[in-house]
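Undergrad: have a look at this fold, sequence not included:
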């Protein structure tokens, strides 16, 4: 199934930000010419996997002076229950487009990390202060402009898994020192308490994603507002490593995400994306994906 959807506009947002026509043209060019698939992530919600691939894009006039970027989204063709595992897992299938998803949020310039912030996470003054502080340690970028729940995610792109005490060798993981590197630990100690204190999050606790960029991309998402709990969670990822190694026996993994939050005090598997851009997830995550696909279908451009 395909649907057209308006994803961005030159009109001023409710956060007072305005995107130029030139920026939208570059975004359209990237979508139309990318060898790998551009993920469609509704409302910058990184709690669930992409709900489809953006296969084409065009600028359309929106009034006398403004323009809207309209994309064609190709959704998954269907779902299949995976029979050969003890867990209740499902695969979202792409029959026509087997391109892998492009990787986003790269660590830049070999810094300790690059932190990606959402405009709506902070007041303008607080955002500038936190980004300036980030640049003293690593690097800082803006990735979006989210305005709906769940709370925006602050993304720490840390490059290699070695910063969390492990390395990947083929389809297996090797423990190096089993702890966060001193450089990364020093950086997050300086930033995360400030982010927790200043983030705009009316309904939910702030969320932090720590992602690696090895041959397999691991994402560790923590939605807690206590720094000590966040640090301890990052220091205890062995069960995630074991689970990822187990899944590698059956899947060609590009990305795998684990989460921890107040209602799930232990790490749990959220989803994986294989090298064909197909999704493997539990039923709870599947329901969220299909719900968002229906939402996009209702809101699609006419």
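TA: Structure received. This structure is a prediction, so every number in the text was calculated from the model and none was measured.
Undergrad: show me what contacts the nearest residue in space to residue 236 that is not next to it in sequence?
TA: Counting by C-beta to C-beta, 6 or more residues apart in numbering, residue 267 is the residue found nearest to residue 236 once chain neighbours are left out, at 7.7 Å. The way it works is simple: take the backbone N, C-alpha and C, and place the C-beta from them, glycine included. Counting by C-beta atoms under 8 Å, 6 or more residues apart in numbering, residue 267 makes contact with 220, 233, 236, 237, 239, 240, 258, 259, 260.
Undergrad: then residue 38?
TA: 30, 31, 53, 54, 101, 102 are the contacts of residue 38 under C-beta under 8 Å, 6+ apart.
Undergrad: so which of the contacts of residue 267 comes closest to residue 60?
TA: residue 259 (36.9 Å; C-beta to C-beta).
Undergrad: part of a helix, is residue 246?
TA: Yes. Applying DSSP: H, G, I helix; E, B strand; the rest coil, one finds residue 246 inside a helix.
Undergrad: can you report how many residues neighbour it?
TA: 12 (other C-beta atoms under 10 Å).
Undergrad: from residue 172, how far out is it?
TA: Going from residue 246 to residue 172 by C-beta to C-beta, to the nearest Å gives 11 Å.
Undergrad: and residue 283, by the same measure?
TA: 29 Å.
Undergrad: cool, and residue 19?
TA: 44 Å.
Undergrad: next one: residue 199
TA: The gap separating residue 199 from residue 172 is 37 Å, by C-beta to C-beta.
Undergrad: so the two - more neighbours on which side?
TA: Counting neighbours by other C-beta under 10 Å for residue 199 and for residue 172 shows that residue 199 has the greater number, 23 against 11.
Undergrad: you'd agree the more buried one is up against residue 206?
TA: Yes. Between residue 199 and residue 206 a contact is recorded at 4.5 Å, counting by C-beta atoms under 8 Å.
Undergrad: gap between the nearest residue to residue 171 once chain neighbours are set aside and residue 268?
TA: Excluding the flanking residues, the one nearest residue 171 by C-beta to C-beta, 6+ apart is residue 248, at 4.5 Å. For residue 248, the distance to residue 268 (C-beta to C-beta) stands at 18 Å.
Undergrad: let me know the secondary structure of residue 98.
TA: Residue 98 ends up coil, using three-state DSSP.
Undergrad: can I assume it is in contact with residue 277?
TA: Yes. Residue 98 is in contact with residue 277 according to C-beta under 8 Å; the separation is 6.7 Å.
Undergrad: comparing those two, which shows the higher neighbour count?
TA: Applying other C-beta under 10 Å to residue 98 and residue 277 shows that residue 277 carries more neighbours, namely 24 against 12.
Undergrad: any idea how far the more buried one lies from residue 82?
TA: 17 Å.
Undergrad: then residue 161?
TA: Distance from residue 161 to residue 82, counting by C-beta to C-beta: 26 Å.
Undergrad: hmm, who's touching stretch 224-240?
TA: Against stretch 224-240 from outside (C-beta under 8 Å, 6+ apart): 164, 166, 175, 178-180, 185, 188-189, 192-193, 196, 205-206, 208, 210, 218, 220, 222, 258, 260-262, 266-267, 269.
Undergrad: pull the distance from that stretch to the chain's centre.
TA: 18 Å (C-alpha atoms, centre = their mean, to the nearest Å).
Undergrad: ok, stretch 52-70 next?
TA: 23 Å.
Undergrad: in it, what's buried?
TA: Neighbour counts over stretch 52-70 (16 or more other C-beta atoms under 10 Å) mark 52, 53, 54, 55, 57, 59, 67, 68, 69, 70 as buried.
Undergrad: same question, stretch 233-246
TA: Applying 16+ other C-beta under 10 Å to stretch 233-246 flags 233, 234, 237, 240, 241, 243, 244 as buried.
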